[in-house]
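Undergrad: sequence-free structure coming up:
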């Protein structure tokens, strides 16, 4: 794919010169002798293992470091001629537009019409100029169909569109996006790609920190691979596209050629695992109050030792099905049985553990260690178990850290480690790999398989094709018309999901 670009020059507009940064109360440097130069109009992708320093680079570029995030900053970072050590955040943010992983964190109004001009209004830009810039944003980013919508009712991809549009109306010179596809479904990722393609074609400088790389391969000019706060490798876009799957495995990166991944084999169960249906679902239906059925007549059995994927577009009812199964939401019709006995809401809640998509809602303690011990009696066995899972998820060096100080991927791994500490029969996970690199994605996959071997029944909501390919036994699939299918996760179902990912 060739994308025409204008206004590209040889001028370095962003420079990092021997930059070191250590967050307050942290013992490790997040950036270590970091050097990087970015030219006007370049499309840069920052990638690497969770916690490698990608987000810290972004925070330097958009000025949040050092003004918002306290810590020790050494060296020099120059953004369009402005030294981040001495330039107020207000001035940097006029030149640098930021789009965060969760766009909800940067919304301040309820409607699309009022959200897009909101940042411009805060800078005191004249009404006439704001109106002109907003009209151009709507036209350039093709947002006409969204203008009368409430933000609450937008899909994840549509929300990212509005976040980009509100920044675009300010006319920044550079765009910084932090894992923008992490919480997106397939359709949202396609919409994000189209927006980025438009920004690139207009000659904007774009920096994206990301684990999922397949949708960026036709856009990127350079890929910066980071490790422990340093640049490990820099590749041009053409060279990057030609790398083999083995190279991506060796580097611990997500694949870009999803169509070349091996098709899964249907995973068999032992006689012990097949001897009973742990969960029986009969003619389950759900509808919102005074509304039409979201889905109806769902029936299936689930075995102990099974990992079942729940996939389909946003709004199809995946999360609602999971919430009904675990007892957090009441079904309209139908029956649910556990071990052959009717199971009401309380029974299902008692037997279930839930890893939410936004794990911040599940973290309460002042340290990672204390978080792992919530609800547990502190015994030698329990402490050994905590040590085991913190080490398994590469969190042992953070046991004294506050959970809020962890990266998004580290928080996800912490809550999954918490799930490993529970005795629940059922485990439900909503997008557990959204912020994870390839290495940690595989760790989560292997841990879930080990938990399944203990007889647990595991349900996973995801749009992550690589993870699904490595993990699932069966698939509960909602098509675009909310029609429900139960499939073995074999070559047929993998091709179905791949086509939905890349069509």
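TA: Received the coordinates, thanks. Because the structure is predicted, anything quoted here is derived from the model rather than measured. Residues are numbered from 1 along each chain as shown.

Undergrad: which residues in the stretch 301-450 of the chain form helices?
TA: In the stretch 301-450 of the chain, the segments counted as helices under DSSP state H, counting those that start in this stretch are 318-326, 345-350, 368-373, 380-392, 408-420, 438-453.

Undergrad: a markdown table for the ones you listed, including distance to residue 123?
TA: Just so you know, the C-beta spots here come from the backbone N, C-alpha and C atoms, and that holds for glycine as well. Formatted as a markdown table, these follow (distance: least, CB to CB, whole Å):
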| stretch | distance to residue 123 |
| --- | --- |
| helix 318-326 | 37 |
| helix 345-350 | 48 |
| helix 368-373 | 39 |
| helix 380-392 | 45 |
| helix 408-420 | 29 |
| helix 438-453 | 39 |
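
Undergrad: Let's have these in CSV, adding mean neighbour count, distance to residue 120 and mean pLDDT.
TA: Compiled in CSV, these are given as follows (neighbours: other CB atoms under 10 Å; distance: least, CB to CB, whole Å; pLDDT from 0 to 100):
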stretch, mean neighbour count, distance to residue 120, mean pLDDT
helix 318-326, 22, 35, 93
helix 345-350, 14, 46, 96
helix 368-373, 20, 40, 96
helix 380-392, 15, 45, 95
helix 408-420, 23, 29, 91
helix 438-453, 19, 39, 93
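
Undergrad: so which of those gets nearest residue 12?
TA: Of all the helices of the stretch 301-450 of the chain, helix 408-420 sits nearest to residue 12, with 29.9 Å by CB to CB.

Undergrad: Pull out the buried positions in the helix or strand where residue 138 lies.
TA: Element membership for residue 138, per DSSP states H and E: helix 127-140. Residues 130, 133-134, 137-138 are the ones in helix 127-140 that count as buried (16 or more other CB atoms under 10 Å).

Undergrad: Packing partners of it?
TA: Here helix 127-140 touches helix 118-122, helix 156-168, going by 3 or more CB pairs under 8 Å, 6 or more residues apart in numbering; DSSP states H and E.

Undergrad: list the contacts for residue 442?
TA: residue 470 (CB atoms under 8 Å, 6 or more residues apart in numbering).

Undergrad: mind checking how far it is from residue 433?
TA: Residue 442 is 10 Å from residue 433, where distance means CB to CB, to the nearest Å.

Undergrad: now residue 357
TA: According to CB to CB, residue 357 stands 11 Å off from residue 433.

Undergrad: again with residue 384
TA: Counting by CB to CB, the separation of residue 384 from residue 433 is 27 Å.

Undergrad: Backbone dihedrals for the residue lying closest to residue 407 once chain neighbours are set aside, please?
TA: Spatial nearest neighbour of residue 407, excluding adjacent residues (CB to CB, 6 or more residues apart in numbering): residue 51 at 5.0 Å. Dihedral angles of residue 51 (phi, psi; degrees, to the nearest 10) stand at phi 80, psi 10.

Undergrad: count of neighbours near residue 51?
TA: When neighbours are counted by other CB atoms under 10 Å, residue 51 registers 25.

Undergrad: Wait, it touches residue 408, no?
TA: No. Proximity of residue 51 to residue 408 does not meet the contact threshold set by CB atoms under 8 Å, at 9.8 Å.

Undergrad: Which strand or helix spans the nearest residue to residue 28 once chain neighbours are set aside?
TA: Take residue 28 and drop its neighbours on the chain: the residue closest to it by CB to CB, 6+ apart is residue 22, 7.2 Å away. In this structure, residue 22 sits in strand 12-23 according to DSSP H and E.

Undergrad: hang on, the earlier thing: shared neighbours of residue 357 and residue 433, anything?
TA: In contact with both residue 357 and residue 433: no residue, using CB under 8 Å, 6+ apart.
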